[in-house]
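In: what would the 3D arrangement of this be:
(2 chains)
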Amino acid sequence: MRPLTLYILLFGLAAGTAVGVGGYAFVYARGYSYLQNDPAACANCHVMQAHFDGWTKGSHRSAAGCNDCHAPPGTIDKYLVKAENGFWHSLKFTTGDFHEPIRIRQKNHDVTEQACRGCHREIVDAIDGTHGAAEPNSCVRCHDSVGHMR
Amino acid sequence: MTNDTTKPRKKPGRATLIGTVAVAAVAAAGTSALLVNIFERKAESRNPFFRVVELDEKTEDPAVWGKNFPIQYDAYLRTTDMVRTRYGGSEAMPRTPTEADPRSIVARSKVETDPRLKTMWAGYPFSVDYRQKRGHAYMLEDQEQTRRVKEFNQPGTCLHCHASIVNPYTEAGDGDFLAGFDKLNRMSFQEARTHVQHPISCIDCHDPKTMQLRVTRPGFLEGIKALKASEGIADYDPNTMATRQEMRSYVCGQCHVEYYFKGPEKRVTYPWAKGLKIENILDYYEEVGFTDFVHAETGAKVLKAQHPEFEMWSQGIHARSGVSCTDCHMPYERVGAMKVTDHHVRSPMLNVNRACQTCHKWSEDELKARVETIQERTVELRNIALDALVDLVGDLKAARQAGRSDAELETPRSLQKRAQMMIDFIESENSAGFHAPQEAARILAQAIDTVRKAQNALKSTEPAVGTVQ
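Out: Numbers count the residues shown, from 1 in each chain, chains lettered A, B, ... in the order given. Presented below is the predicted three-dimensional model:
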């Protein structure tokens, strides 16, 4: 057998195995569901079960799902944030190395803050005016249970 | 074409080949590991427990329950841990075992650390031996070995809370739980002790068939019934009428309360018929005419507070906000994909992240500092109140030695009883004021004022000094 043939054959086997196992894992873990908008998908990762349960009782359940508050508008931005968070979530939950109760990172906090303002802009514009720029106002500092009740 | 040109091109090809295979192998192994991990998590969330053994009302040994609930059982076993917090808990103190008391480790003695307590309880077994509290695992052993039980006669009633009692009561009463309760109460502690085997166990809080929380202690069932009756609710039964969240406090309130042993039958009774506040409890004792002991130095008939955690918590902001004992002392923990109640019952100060941070979004250090500030202030107030009480005891003792009549001493003595009980209510309550900070401060202020009134009353009956003969 010529070395080149061997090379192609082994590469093919290796690549095929990786794609096969990876593909199976993706389907088994319902990875495709993360590409959609269904809030139930977020509870695929068991760490989010309590948040999902809380959302079903929260005041926003009929108005906004997970992505509406936790992903920015715009397809590219949305999937970039989802990919990054998805990576960290999987890594941390798989290794078990994370703070309990889980905490939102500043970056995601900012996304949520903008999401609040996206829908409630007309109301909060007036409130913001009185606070000036010294300390940026944060909606969830006071309204911390609107998304998911504890 | 010569070998000179082809050979160098072949070598990198082989390296790439090996490299690619290695990378692919690592990727495949990693993906498989992830796949297995996902599989395990899915399995965990699908089956929160596996029924390995059948549990029923006769299953007293927690190790048997532990076969079905290994995570909860492991945590339960860890109540043997001895860890101090700044104002509570217990560090392991070495002790030379004797034949009478085989313990090689005990908790620090509170009466030796603060002799003012000996003055407060003069003439009562608590002045002889009173130590810091250890975890649930030690409840039976420590009760058995304390000098309060060894050197004084105590009734079997103590086991109402110091042992797993569901089966012993049922067996002693030949199937009748309450008859067994009455029977064991009348025994001596030592005799009743032979009827029990375990410290508090699964069966004391859980229905073995459904795992639902349940109240088993007659003392609590009767106490809460009397309390609810005072609020206009007739025939209250927590096991059928309480919410799940209420039950998460009631199971603890079965024992972490103020109580007394009523009448010659030594029936454990919670003094709640007028309410849960200290004044309600003092009024109740006044009405039924109960006192614990006669103070050795002043001759006053006084009361000894037990450990009114449930009553104090009821006056605090956490109770008002619907936060149960369990939320802080047995917070949920994550084990794989499962959410489990932590059965390692302990101070929230040893578990700030899960106990406090679930609701309070501050750093651990900040939350701890807040709690310790409350406790530090309470302890300062408690010290002032104790000093005042010791002062009053001295004055009363002197007045007694000066030959003042019982009639003259009646008012100051009854005020001593009130002040002392109020201080004891905070002293014996495990939280150094945290369960209800303002209520603790209010009670201690009332105690200090009551001491002042007692001293004034003593003065007003004093023979006038320097009168012309």
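In: does residue A:100 touch residue B:333 like I think?
Out: Yes: judged on Cβ atoms under 8 Å, residue A:100 makes contact with residue B:333 at a distance of 7.2 Å. All C-beta atoms are positioned from the backbone trio N, CA, C, and that covers glycine.
In: joint contacts of the two?
Out: Jointly contacting residue A:100 and residue B:333 under the rule Cβ atoms under 8 Å, 6 or more residues apart in numbering or on different chains are residue B:354.
In: per-domain residue ranges of chain A.
Out: Using automatic domain parsing, the domain parsing of chain A gives A:1-35, A:38-142.
In: list the contacts of the residue in the stretch 201-350 of chain B that chain A sits nearest to.
Out: With Cβ to the nearest Cβ, the shortest gap between the stretch 201-350 of chain B and chain A falls at residue B:337, namely 3.6 Å. Taking Cβ under 8 Å, 6+ apart, we find residue B:337 in contact with A:46, B:41, B:42, B:44, B:45.
In: same question, residue A:81
Out: A:70, A:71, A:72, A:108, A:111.
In: pLDDT of the lengthiest helix in chain B, averaged?
Out: Ranked by number of residues, the top helix in chain B under DSSP state H is helix B:3-46. Across helix B:3-46, pLDDT averages out at 76.
In: circling back: list the residues that contact the residue lying closest to the residue of the stretch 201-350 of chain B closest to chain A once chain neighbours are set aside.
Out: Of all residues not flanking residue B:337 in the chain, residue A:46 sits nearest, at 3.6 Å (Cβ to Cβ, 6 or more residues apart in numbering or on different chains). By Cβ under 8 Å, 6+ apart, the residues touching residue A:46 are A:93, B:41, B:44, B:45, B:336, B:337, B:338.
In: hmm, 7 Å instead?
Out: By Cβ atoms under 7 Å, 6 or more residues apart in numbering or on different chains, the contact list for residue A:46 reads B:41, B:45, B:337.
In: likewise for residue A:108?
Out: The neighbours of residue A:108, taking Cβ under 7 Å, 6+ apart as the test, are A:70, A:85.
In: so when I look at it, I'm seeing a strand, right?
Out: No: per DSSP: H, G, I helix; E, B strand; the rest coil, residue A:108 lies outside any strand segment and is helix.
In: residue A:27 versus that one, what's the distance?
Out: 28 Å (Cβ to Cβ, to the nearest Å).
In: same thing with residue A:123?
Out: Taken as Cβ to Cβ, the span from residue A:123 to residue A:27 is 44 Å.
In: just give the closest residue to the most centrally placed residue in chain B, not the sequence neighbours.
Out: Residue closest to the average C-alpha location in chain B (Cα atoms, centre = their mean): residue B:256, at 5.1 Å. The shortest distance from residue B:256 to any non-neighbouring residue, by Cβ to Cβ, 6+ apart, is to residue B:309 (3.9 Å).
In: do the same with residue B:225
Out: Residue B:225 sits nearest to residue B:236 (Cβ to Cβ, 6+ apart), 5.0 Å away.
In: please report phi then psi for the one you found.
Out: phi -70, psi 130 (degrees, to the nearest 10).
In: do I have it right that it meets residue B:228?
Out: Yes: using Cβ atoms under 7 Å as the test, residue B:236 is close enough to residue B:228 to be in contact (3.5 Å).
In: quick one: the helices in the stretch 201-350 of chain B?
Out: B:218-230, B:238-241, B:244-253, B:278-288, B:309-314, B:317-320, B:325-329 (DSSP state H, counting those that start in this stretch).
In: pLDDT below threshold where in the stretch 301-450 of chain B?
Out: Along the stretch 301-450 of chain B, the model assigns pLDDT under 70 to no residue.
In: residues from it in reach of chain A?
Out: Applying Cβ under 7 Å from any Cβ of the partner chain, we find that the stretch 301-450 of chain B lies next to chain A at B:334, B:337, B:339, B:353, B:354, B:357, B:358, B:359.
In: return the member of those residues nearest to residue B:161.
Out: residue B:354 (26.7 Å; Cβ to Cβ).
In: which non-adjacent residue is nearest the closest one?
Out: Nearest to residue B:354 is residue B:331, by Cβ to Cβ, 6+ apart, at 4.2 Å.
In: just checking, that neighbour touches residue B:357?
Out: No: applying Cβ under 7 Å, one finds residue B:331 not in contact with residue B:357, separated by 9.5 Å.
In: shared neighbours of the two, anything?
Out: With Cβ under 7 Å, 6+ apart as the test, residue B:331 and residue B:357 reach no residue in common.
In: could you confirm residue B:422 falls within a helix?
Out: Yes: the assignment for residue B:422 is a helix, going by three-state DSSP.
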